[in-house]
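**Student:** predicted coordinates and the sequence they were generated for:
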Amino acid sequence: MQNAPSIEEQMEIHRRMILTRRLEEILGGLAKDGKTRGPLHRCDGQEAVGVAGCMALRANDYVCTTHRGHHVYVGKGMDPRRIVAEIMGRETGYCRGRGGHMLLGDASTGMIGGNAIVGAGIPAAAGMALSIQVMKEDRVAMAVFGDGAAQTGIAHEAMNMAGLWKLPVIFLLENNQYGLTVRQEVQSPVEDLFIRAAGYGMPGLKVDGNDVVAVYQAVAEAAARARRNDGPTLIEAKTYRMQGFSTSDMGGYQSEAEMAPWRDRDPIRLSAETLSKSIGSEAVAEIAEAAEVEIQAAFALALADPFPVFEFHRPSGAYTEV
């Protein structure tokens, strides 16, 4: 298959998806115990999009993501220990514990950052792509965003500009069926959002967002197209959010009947079944076991790391005592 991941790459994608899932599950438990601060936006069920999409890029390509971006962080090669440390407010985190779970960034891996503002990563990626074009660099930029963000005016402006200037950018629309607690069909008059690409003069395609090979191939082809100076691509990856909007979500609006088909098509399960045919079920189990050891160590180390020390300095002569 053209642009398909190798078996070794599929194994690494599988490992990173398991790392992400266990990251989310452990964080969910900590949140229930009151050991985290603020809401967490989990990506259970969506791991294939962020992980396979990022692994189809090069290490120096730029990526930005959303408030629900843990799979993108892991997919881009960030260290789980430092991810956990940042989320838990430790000094060893990527932003020294100041950014929290939505705002991680690491220039060394091309991870320009998550974003707490819905849709804000889309023009950021277009801006990165413009800098690549101006500086004539062999790179691409990718924005990972949701179906809710696709309804914003800033998405239209960024895609219009990207199509006009043929920017080397990939718009990876992660359609998890919900914006907050609202189903996608209540947000949009059309079922498939990728058809909007025609209005921006760029290719648009729909892929199974739970199929790592399909996601990888689509992003790899879009990246190759961008590197040929042929402009942007809009990819809609259909997936499903298996958890509520955040850890503060009361739930009750996702029925079991709605969730069951997606649970059966869990991306990690599908990946394991595919890999088993190539490397055997024992080797697949070993990947899962190694990932579990790694994530447990990441949490143990991160939770033992120190909190930041904040020092406040009063400028000399800045105030007059009365």
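**Tutor:** It's in.

**Student:** quick check, residue 172 in a strand?
**Tutor:** Yes. Residue 172 forms part of a strand when assessed by DSSP: H, G, I helix; E, B strand; the rest coil.

**Student:** for it, give me the pLDDT.
**Tutor:** At residue 172, the pLDDT value in this model is 98.

**Student:** neighbours of it, just the number please.
**Tutor:** 28 (other C-beta atoms under 10 Å). Heads up, the C-betas are built off the backbone N, CA and C, glycines and all.

**Student:** and if you look at residue 4?
**Tutor:** For residue 4, the count of nearby residues is 13 (other C-beta under 10 Å).

**Student:** from residue 13, how far out is it?
**Tutor:** Residue 4 sits 12 Å away from residue 13, going by C-beta to C-beta, to the nearest Å.

**Student:** are there residues contacting both of these two? Which ones?
**Tutor:** The contact sets of residue 4 and residue 13 overlap at residue 216 (C-beta atoms under 8 Å, 6 or more residues apart in numbering).

**Student:** which SS class is the nearest residue to residue 28 once chain neighbours are set aside?
**Tutor:** Of all residues not flanking residue 28 in the chain, residue 42 sits nearest, at 6.3 Å (C-beta to C-beta, 6 or more residues apart in numbering). Following three-state DSSP, we place residue 42 in the coil state.

**Student:** burial check on residue 42, number of neighbours?
**Tutor:** Around residue 42 there are 27 residues (other C-beta under 10 Å).

**Student:** now it: how far from residue 27?
**Tutor:** Taking C-beta to C-beta, one finds residue 42 at 7 Å from residue 27.

**Student:** one more: residue 89?
**Tutor:** For residue 89, the distance to residue 27 - C-beta to C-beta - is 13 Å.

**Student:** wait, the residue nearest to residue 28 touches residue 245, no?
**Tutor:** No. Under the criterion of C-beta atoms under 8 Å, residue 42 makes no contact with residue 245, lying 9.4 Å away.

**Student:** tell me who's in contact with the residue nearest to residue 28.
**Tutor:** Residue 42 neighbours (C-beta under 8 Å, 6+ apart): 24, 27-28, 68, 70, 243, 246-247.

**Student:** neighbour-wise, which one of those residues leads?
**Tutor:** residue 70 (30 neighbours).

**Student:** for residue 241, see how far away that one is.
**Tutor:** Relative to residue 241, and taking C-beta to C-beta, residue 70 is found at 13 Å.

**Student:** need the overlap of contacts for these two.
**Tutor:** Common neighbours of residue 70 and residue 241 (C-beta under 8 Å, 6+ apart) are residue 43.

**Student:** so which helix or strand takes in residue 25?
**Tutor:** Per DSSP states H and E, residue 25 falls inside helix 7-32.

**Student:** please name every helix or strand in contact with that helix.
**Tutor:** Helix 7-32 sits against helix 47-55, helix 70-75, helix 80-87, helix 212-227, helix 267-279, helix 281-304, with contacts defined as 3 or more C-beta pairs under 8 Å, 6 or more residues apart in numbering; DSSP states H and E.

**Student:** can you add distance to residue 170 and mean pLDDT and give those helices back as JSON lines?
**Tutor:** Below are those laid out as JSON lines (distance: least, C-beta to C-beta, whole Å; pLDDT from 0 to 100):
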{"stretch": "helix 47-55", "distance to residue 170": "8", "mean pLDDT": "98"}
{"stretch": "helix 70-75", "distance to residue 170": "13", "mean pLDDT": "97"}
{"stretch": "helix 80-87", "distance to residue 170": "23", "mean pLDDT": "97"}
{"stretch": "helix 212-227", "distance to residue 170": "5", "mean pLDDT": "98"}
{"stretch": "helix 267-279", "distance to residue 170": "20", "mean pLDDT": "97"}
{"stretch": "helix 281-304", "distance to residue 170": "27", "mean pLDDT": "98"}
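
**Student:** for residue 94, find the nearest of those.
**Tutor:** Closest to residue 94 of those is helix 80-87 (C-beta to C-beta; 4.9 Å).

**Student:** what's next to the closest one, contact-wise?
**Tutor:** So helix 80-87 is contacted by 19, 23, 27, 36, 40, 70, 73-74, 91-95, 97, 99-101, 104, 294-295, 297-299, 301-303, 305 (C-beta under 8 Å, 6+ apart).

**Student:** can you classify residue 236 by secondary structure?
**Tutor:** strand.

**Student:** so what's it up against?
**Tutor:** 173, 175, 192-194, 204-207.

**Student:** tabulate those residues in JSON lines, adding columns for secondary structure, neighbour count and distance to residue 85.
**Tutor:** JSON lines is the format used below for those (DSSP: H, G, I helix; E, B strand; the rest coil; neighbours: other C-beta atoms under 10 Å; distance: C-beta to C-beta, whole Å):
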{"residue": "173", "secondary structure": "strand", "neighbour count": "26", "distance to residue 85": "30"}
{"residue": "175", "secondary structure": "strand", "neighbour count": "26", "distance to residue 85": "31"}
{"residue": "192", "secondary structure": "coil", "neighbour count": "13", "distance to residue 85": "40"}
{"residue": "193", "secondary structure": "helix", "neighbour count": "21", "distance to residue 85": "36"}
{"residue": "194", "secondary structure": "helix", "neighbour count": "22", "distance to residue 85": "37"}
{"residue": "204", "secondary structure": "strand", "neighbour count": "20", "distance to residue 85": "38"}
{"residue": "205", "secondary structure": "strand", "neighbour count": "16", "distance to residue 85": "37"}
{"residue": "206", "secondary structure": "strand", "neighbour count": "19", "distance to residue 85": "37"}
{"residue": "207", "secondary structure": "strand", "neighbour count": "24", "distance to residue 85": "33"}
